[in-house]
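[1] Dropping the sequence and predicted coords here.
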Amino acid sequence: MKDTKIKTTDQLEKMMLDYNQATGTSISIYDNAYNPQHLESTGFGPEKTVCPYCVKYPCHEMHKNAVKEAEKKGSFHIYQCGLGFVFWTSPIYTEGCFSGAIRGCGFLAEKQKTVDIFSNANNTSVMCNTEISKEEFRGRVNSFPGADGEKVQSLAEMMQLCAESLSTGSEDYHEIIKRRAEQQEEITKIIEELNGQYNKNEEKPGYPLEKEKKLMAALRKGDAAETKNP
């Protein structure tokens, strides 16, 4: 049986430290069961996150679903939490199997106002049952710079390169998964367009199976006239 657990190797830790130092973002690593593994040497364990909810319900589910989305796409996925903090994650594969993911954070969404975050925090108990004080929360928020979409996109692409480097097996596995996801998305779009051509209660024409059977039979017999008008 293949070992599909992500390994906290010296290579992985060094790469994440380099990424952290180059970008100023916090790093989390997820195993193949979507559980966060924080590297102590990065200085960004659970107690250092923006808000304690980042490692608890409901935010853990948000991060978990984002990792699953990246896994499905075979590429990075950018998302935002309710407070306005931006995250990005990329999947890692071991011999063709999903083995974990890396996730970055460290910026407020463009045009996000800190006053709105403080208000939201007060109204929705983001203080996580007073596990941290409002003053500490304000300090954490004020330490985060804003970032526009272009910058976040660049950071996510850089993390994707790290994930591809950390993956083993087929070198183009990420690209294969990405193409499959794009094909599935295109198929879904076509189906939706076809469904949109008919009213909700209108009977949709089925696939002309009988017509195809007649055509195939005519081809086998070599009946040219029949193939023109089956």
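    Sure, I can see it.
[2] alpha carbons only for contacts and neighbour counts from here, please
    Fine.
[3] Arg103 reaches Ile29, doesn't it?
    Yes. Using CA atoms under 8 Å, Arg103 makes contact with Ile29 at a distance of 6.2 Å.
[4] any residues in contact with both of these two?
    Residues touching both Arg103 and Ile29 (CA atoms under 8 Å, 6 or more residues apart in numbering): none.
[5] Domain map for this protein?
    Split into domains by automatic domain parsing, the chain comes to 10-170, 182-228.
[6] which one of those has the lowest average pLDDT?
    Ranked by mean pLDDT, the domains of the chain end with domain 182-228 in last place, scoring a mean of 61.
[7] from memory Ile92 sits against Leu166, does it?
    Yes. Counting by CA under 8 Å, Ile92 sits close enough to Leu166 to count as a contact (6.7 Å).
[8] can you map out the strands along the protein?
    Here the chain has its strands, by DSSP state E, at 26-30, 36-37, 77-80, 85-94, 97-109, 146-147.
[9] nearest to Ser133, of the ones you listed?
    strand 85-94 (19.1 Å; CA to CA).
[10] Which secondary structure elements does that closest one sit against?
    helix 59-73, strand 77-80, strand 97-109, helix 149-166 (3 or more CA pairs under 8 Å, 6 or more residues apart in numbering; DSSP states H and E).
[11] how many degrees apart are it and helix 149-166 in direction?
    20 degrees (axes from the mean of the first three to the mean of the last three CA atoms, to 10 degrees).
[12] Give me the buried positions along strand 85-94.
    By neighbour count with 16 or more other CA atoms under 10 Å, strand 85-94 contains the buried residues 85-94.
[13] hmm, back to that, export the helices and strands packed on strand 85-94 to TSV and tack on mean neighbour count and distance to Asn35?
    Below are the helices and strands packed on strand 85-94 laid out as TSV (neighbours: other CA atoms under 10 Å; distance: least, CA to CA, whole Å):
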stretch	mean neighbour count	distance to Asn35
helix 59-73	19	8
strand 77-80	18	17
strand 97-109	24	9
helix 149-166	18	17
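[14] mind checking which of those is nearest Glu193?
    Closest of those to Glu193 is helix 59-73, at 22.3 Å (criterion: CA to CA).
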